[in-house]
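**Student:** Let me see the structure of the following:
(one chain, ligands or ions: 2)
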Amino acid sequence: MPAIIVEAVTFALFGATGDLSTRKLFPALYQLDRAGLLNEQTRVLALAREAAPPEAQLARIEQAVRARIAAEEVDESVMQRFIGRLDYLAMDFRRAEDYASLAERVAPDRPLIAYFATPAAVYGAICENLAGAGLAEQSRVVLEKPIGHDLASSKVVNEAVARFFPETRVYRIDHYLGKETVQNLIALRFANSLFETQWDHNHISHVEITVAETVGIEGRWGYFDQAGQLRDMLQNHLLQLLCLTAMDPPSDLAADSIRDEKVKVLKALAPITREQISQRVVRGQYGSGYSGGKPVPGYLEEENANPESSTETFISLRADICNWRWAGVPFYLRTGKRMAQKLSQIVIHFKEPPFYIFAPEQRSLITNRLIIRLQPQEGISLQVMTKEQGLDKGMHLRSGPLQLNFSETYKSSRIPDAYERLLLEVMQGNQNLFVRKDEIEYAWQWCDQLIEGWSRLGDRPKIYPAGSWGPVASIALITRDGRSWYGDL
Ligand SMILES: NC(=O)C1=CN([C@@H]2O[C@H](COP(=O)(O)OP(=O)(O)OC[C@H]3O[C@@H](n4cnc5c(N)ncnc54)[C@H](OP(=O)(O)O)[C@@H]3O)[C@@H](O)[C@H]2O)C=CC1
Ligand SMILES: O=C1O[C@H](COP(=O)(O)O)[C@@H](O)[C@H](O)[C@H]1O
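**Tutor:** Ligands and ions are numbered 1, 2, ... in the order given. Predicted coordinates for the structure are as follows:
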């Protein structure tokens, strides 16, 4: 029996035939049902434009769920219960008159969770039409990223939503915040005095945040080419990871206490001037190469590609946080598609001890690092120095890990997908893992200066082979500071 009691809601999924709903949201809802975390009375309304018979749509959803969960996770009785909660309604989200049929299906006495798995351009119309149908008061709205493509356009989206919904009922998704290991950052930092007392410029020399993917752009060229890796990944996921790593301790776990601290970090990010861009930021684009041992095309050779595109599929940069805690501690961020390995990790590099007493030739060995692995093999590893074993060894140092691999250590618990956690939090009315309007806007403000700098400089991305760690210039970026990216093979 689950310890959590979740109230009954009507869950309206706008964009139910889309990629995100099919691959992530319906499977996540099924998993919540399987875990006993959907109230018996909860109903799911699948909404999209396609005028297919509801039975056909429900069969399609069932098929999609089965295809995306492990065989041992298919429980036929849960599947029947889950499908029994669903209803499909064909509507055009921009047409106010289509909302009358929606309103008939919404229980008046329960929260309505309106999840917008549609392009952001439709968010404003959905909000207005929900309000027009008298559904706004009971609704929590969930907005998918990206919110806009720069500061100005994100304000337009946020303002369109704010006309009908107060911030306390707006849930902006950044799915990285739903990942177990990302939430663990809060536990690691603030439930262990061991780390928090070391968490500043006195003890830490630099921090690396890597989110490397092996996938290319493939069928998503149209969307991705308008965005690029800065907008698709850095503006949201990497800056959120930076905030959670760098923020001061919140006074409690209330959503706004955490979000206030994250905003302070974003406000303290040093601008990167046009003169600094070439030294501090590297843009890359993958050329042809190998992925998983197979040859793969370059970005410009993907289906429907514009061969002139200068959109980046990789970015690395050095960020500096201008505050007391982080003065002089660079944060090196990098993220890219078609890289050598799928790997998301935060590496905290601690400073050398203040006085050195061991053999001089061993000095370069001395290093303490905390590695927070988000994916794959979620876990935490602390590299510490010890003495080599044996009578013949003398005081020879070696570096070894204190390791916590979550799936090995906590064998009984499956690691839930980020969307399962986030859907559950919305149903509970908890905004901790969602991004507030000002966070989005400060993050855009910082990214806009980079976009503007590149455009003024006429910067073109540097080509890197698919299956590598990005352009050589990215290695130079960190080597210039006498450091190297941790763990690149
Ligand atoms: N796919 C992903 O992995 C991720 C997606 N996102 C975000 O999630 C959102 C959805 O993305 P994705 O699923 O890929 O997009 P899709 O284009 O695959 O799906 C969009 C859905 O919205 C429906 N829709 C759009 N406009 C209307 C309308 N006026 N009336 C009725 N239905 C409409 C579409 O129906 P129809 O086909 O009939 O147009 C479709 O069901 C986007 O904001 C995206 O940025 C964020 C992170 C990852
Ligand atoms: O938001 C996005 O995230 C995915 C990567 O997510 P992950 O959970 O697999 O790390 C990325 O591929 C996609 O381009 C981006 O829109």
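
**Student:** Which residue is the nearest non-sequential neighbour of the closest residue to ligand 1 within the chain?
**Tutor:** Closest residue of the chain to ligand 1, Cβ to the nearest ligand atom: Gly18 (2.1 Å). For glycine as for every other residue, the C-beta is placed from the backbone atoms N, C-alpha and C. Using Cβ to Cβ, 6 or more residues apart in numbering and skipping the chain neighbours, the partner closest in space to Gly18 is Ala117 (5.4 Å).

**Student:** Could you count how many residues lie near Ala8?
**Tutor:** The criterion is other Cβ atoms under 10 Å. On that basis, Ala8 has 15 neighbouring residues.

**Student:** Could you tell me the per-residue confidence at it?
**Tutor:** Note on Ala8: pLDDT of 97.

**Student:** measure the closest residue to Arg456 other than its chain neighbours to Asp459 for me?
**Tutor:** Nearest residue to Arg456, sequence neighbours excluded (Cβ to Cβ, 6+ apart): Arg274, at 6.2 Å. Taking Cβ to Cβ, to the nearest Å as the measure, Arg274 falls 10 Å from Asp459.

**Student:** The two: which is more packed in?
**Tutor:** Asp459 (17 against 14).

**Student:** who touches the strand or helix carrying Gln183?
**Tutor:** Using DSSP states H and E, Gln183 sits in helix 180-190. Helix 180-190 is contacted by residues 176-177, 195-196, 199, 240-241, 244-245, 249-250, 253, 258, 346, 372-375, 378-380, 406, 415-416, 421, 433 when judged by Cβ atoms under 8 Å, 6 or more residues apart in numbering.

**Student:** For the closest residue to Arg23 other than its chain neighbours, give me the pLDDT.
**Tutor:** For Arg23, ignoring the flanking residues on the chain, the nearest one in space by Cβ to Cβ, 6+ apart is Arg68 at 6.4 Å. If you check Arg68, the pLDDT there is 95.

**Student:** Could you verify my assumption that Arg68 touches Pro27?
**Tutor:** Yes: between Arg68 and Pro27 a contact is recorded at 4.4 Å, counting by Cβ atoms under 8 Å.

**Student:** More neighbours: which of these two?
**Tutor:** More crowded of Arg68 and Pro27, by other Cβ under 10 Å: Pro27, with 22 against 17.

**Student:** Now do the contacts for Gly328.
**Tutor:** The contact partners of Gly328, by Cβ under 8 Å, 6+ apart, come to His201.

**Student:** Find the nearest non-adjacent residue to Gly336, please.
**Tutor:** Phe314 (3.3 Å).

**Student:** how many neighbours does that neighbour have?
**Tutor:** Using other Cβ under 10 Å, Phe314 has 31 neighbouring residues.

**Student:** what's the answer for Asp75, then?
**Tutor:** 14.

**Student:** again with Met233
**Tutor:** Neighbours of Met233 using other Cβ under 10 Å come to 22.

**Student:** so where's the stretch 301-450 of the chain shaky on pLDDT?
**Tutor:** 411-413 (pLDDT under 70).

**Student:** the helices in it, which residues?
**Tutor:** Here the stretch 301-450 of the chain has its helices, by DSSP state H, counting those that start in this stretch, at 406-409, 418-427, 437-457.

**Student:** right, so of those helices, which gets closest to ligand 2?
**Tutor:** Ligand 2 sits nearest to helix 418-427 of all the helices of the stretch 301-450 of the chain, at 6.5 Å, using Cβ to the nearest ligand atom.

**Student:** For the closest one, name the packing helices and strands.
**Tutor:** Secondary-structure packing of helix 418-427 (3 or more Cβ pairs under 8 Å, 6 or more residues apart in numbering; DSSP states H and E): helix 26-34, strand 112-116.

**Student:** Would you reformat the ones you listed as TSV and include distance to ligand 2?
**Tutor:** Shown next, in TSV, are the helices and strands packed on helix 418-427 (distance: least, Cβ to the nearest ligand atom, whole Å):
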stretch	distance to ligand 2
helix 26-34	13
strand 112-116	15
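
**Student:** Which of the helices or strands spans Val211?
**Tutor:** Going by DSSP H and E, Val211 is part of strand 204-212.

**Student:** Just the buried residues of that strand, please?
**Tutor:** Of all the residues in strand 204-212, those buried under the rule 16 or more other Cβ atoms under 10 Å are Ile204, Ser205, His206, Val207, Glu208, Ile209, Thr210, Val211, Ala212.

**Student:** quick one: contacts for the second one?
**Tutor:** The reference is to Ser205. Val329, His349, Phe350, Lys351.

**Student:** Gly467: which of those is nearest?
**Tutor:** Distances from Gly467 to the contacts of Ser205, taken as Cβ to Cβ, are shortest for His349 (26.5 Å).

**Student:** OK, contacts around the residue of the chain found nearest ligand 2?
**Tutor:** Proximity of the chain to ligand 2 (Cβ to the nearest ligand atom) peaks at Asp232, 4.7 Å away. Contacts of Asp232 were listed using Cβ under 8 Å, 6+ apart, and they are Pro146, Phe224.

**Student:** Also Glu218?
**Tutor:** Taking Cβ under 8 Å, 6+ apart, one finds Glu302, Glu303 in contact with Glu218.

**Student:** Next one: it from Thr313, what distance?
**Tutor:** When distance is defined by Cβ to Cβ, Glu218 is 12 Å away from Thr313.

**Student:** Check Lys155 too.
**Tutor:** In terms of Cβ to Cβ, Lys155 sits 27 Å off from Thr313.

**Student:** more neighbours, these two?
**Tutor:** It is Thr313, of Lys155 and Thr313, that has more neighbours when counted by other Cβ under 10 Å, with 29 against 17.

**Student:** my guess is the more buried one meets Gly287, correct?
**Tutor:** No: if you go by Cβ under 8 Å, Thr313 and Gly287 don't touch, sitting 10.0 Å apart.

**Student:** overlap in contacts of these two?
**Tutor:** Tyr299.

**Student:** of the helices of the stretch 301-450 of the chain, which approaches Leu89 most closely?
**Tutor:** helix 418-427 (19.7 Å).

**Student:** where does Pro2 land on pLDDT?
**Tutor:** pLDDT at Pro2 comes out at 62.

**Student:** what about stretch 276-295, how long is it end to end?
**Tutor:** The straight-line separation of the ends of stretch 276-295 (Cα to Cα, to the nearest Å) is 36 Å.

**Student:** should've said stretch 10-23
**Tutor:** 21 Å.

**Student:** what about it and ligand 2, any contact?
**Tutor:** No: figure legend: stretch 10-23 not in contact with ligand 2 (Cβ under 6 Å from any ligand atom); closest approach 9.5 Å.

**Student:** follow-up on the earlier one: can you add distance to Arg81 and pLDDT and give the buried residues of strand 204-212 back as TSV?
**Tutor:** Compiled in TSV, these are given as follows (distance: Cβ to Cβ, whole Å; pLDDT from 0 to 100):
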residue	distance to Arg81	pLDDT
Ile204	49	97
Ser205	53	97
His206	51	98
Val207	46	98
Glu208	45	98
Ile209	41	98
Thr210	41	98
Val211	36	98
Ala212	39	97
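
**Student:** so can I have JSON lines of those showing distance to ligand 2?
**Tutor:** Shown next, in JSON lines, are these (distance: Cβ to the nearest ligand atom, whole Å):
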{"residue": "Ile204", "distance to ligand 2": "25"}
{"residue": "Ser205", "distance to ligand 2": "27"}
{"residue": "His206", "distance to ligand 2": "23"}
{"residue": "Val207", "distance to ligand 2": "19"}
{"residue": "Glu208", "distance to ligand 2": "17"}
{"residue": "Ile209", "distance to ligand 2": "13"}
{"residue": "Thr210", "distance to ligand 2": "11"}
{"residue": "Val211", "distance to ligand 2": "6"}
{"residue": "Ala212", "distance to ligand 2": "9"}
